[in-house]
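*Asks:* Pasting a predicted model and its sequence here:
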Amino acid sequence: MSRLLAVLLALVLGPAAEAETRQADQRSGALEFTATQADAKFTGVFKRFHVEIDFDPAHPQSGRLDVTVETASIDTQDGERDEILRGPDFFWVEKHPQASFHATRFARAGSGWSAQGELTIRGVKKPVAVEFTLTPAGGATVMKGSAKLERLAFDLGQGDWASTEWVGNEVGVRFELRLAPVG
């Protein structure tokens, strides 16, 4: 039965089902987040990031997903807010120029997958699950997904910002990337 499932996955996912390292960066998609400030939702992006995945749905136990984000590249379309987010009370980009996610555990989740790994922001490492789908797209693979985080778990918001009165604790992350084979 599992052999049949592997064959079906290979047929449905096409290139995405082959064990091959694929990568993406800011030129091939978007890494966005949503949060709440003063009871109003806002959206931001990270303009510089790199994603690399080596994943075969027929053999998820041997998969790997690595994401690196340059924290100074945050952009919420509000210069004052961006400066605060880059500062020592939030991302503290001078001391922590990168955030990273590393996963080696994968499980089925609905019509896609869940990558269970460790997210590191501001030097704080926590387990996080990222749900995603892979869809073949003319020689490339489109990876779409999301995750939910609590900013305070990563020390994002020091001093007056540690309260959730002005800035909500929950942060939603979404991405859509066009993955291309490495090399």
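*Replies:* Now that the structure is in, tell me what you want to look at. Numbering: from 1, shown residues only.

*Asks:* Output the below-cut-off pLDDT ranges for the chain.
*Replies:* For the chain, the stretches with pLDDT under 70 are 1-19.

*Asks:* can you give me the helices in it?
*Replies:* Applying DSSP state H to the chain gives helices spanning 2-13, 79-86.

*Asks:* Show me what the longest strand along the chain pairs with in its sheet, parallel or antiparallel.
*Replies:* Taking DSSP state E as the criterion, the chain has its longest strand at strand 124-137. Each strand paired with strand 124-137, and its direction, by DSSP bridges: strand 112-121 (antiparallel), strand 140-150 (antiparallel).

*Asks:* Now render those strands as CSV, adding distance to Phe33 and mean neighbour count.
*Replies:* All C-beta atoms are positioned from the backbone trio N, CA, C, and that covers glycine. Listed next are those as CSV, based on distance: least, C-beta to C-beta, whole Å; neighbours: other C-beta atoms under 10 Å:
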stretch, distance to Phe33, mean neighbour count
strand 112-121, 12, 20
strand 140-150, 8, 18
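
*Asks:* Any chance of those strands in a markdown table with distance to Glu131 as columns?
*Replies:* Shown next, in a markdown table, are the strands paired with strand 124-137 (distance: least, C-beta to C-beta, whole Å):
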| stretch | distance to Glu131 |
| --- | --- |
| strand 112-121 | 5 |
| strand 140-150 | 5 |
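
*Asks:* Out of those strands, which gets nearest to His96?
*Replies:* Closest approach to His96 among the strands paired with strand 124-137 (C-beta to C-beta): strand 112-121, 7.3 Å.

*Asks:* outside of that closest one, which residues touch it?
*Replies:* For strand 112-121, contacts defined as C-beta atoms under 8 Å, 6 or more residues apart in numbering pick out 55, 57, 60, 63, 65, 71, 91, 96, 99-108, 125-134, 145, 149, 154-156.

*Asks:* what about 7 Å?
*Replies:* Residues outside strand 112-121 that contact it (C-beta atoms under 7 Å, 6 or more residues apart in numbering) are 65, 99-107, 125-133, 154, 156.

*Asks:* In ChimeraX, select just the buried ones from those.
*Replies:* Buried residues within the contacts of strand 112-121, by 16 or more other C-beta atoms under 10 Å, are selected in ChimeraX with:
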select :65,99,100,101,103,104,106,128,130,131,132,133,154,156
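
*Asks:* Could I get the phi/psi values of Ser163?
*Replies:* Torsion angles at Ser163 (phi, psi; degrees, to the nearest 10) stand at phi -80, psi 150.
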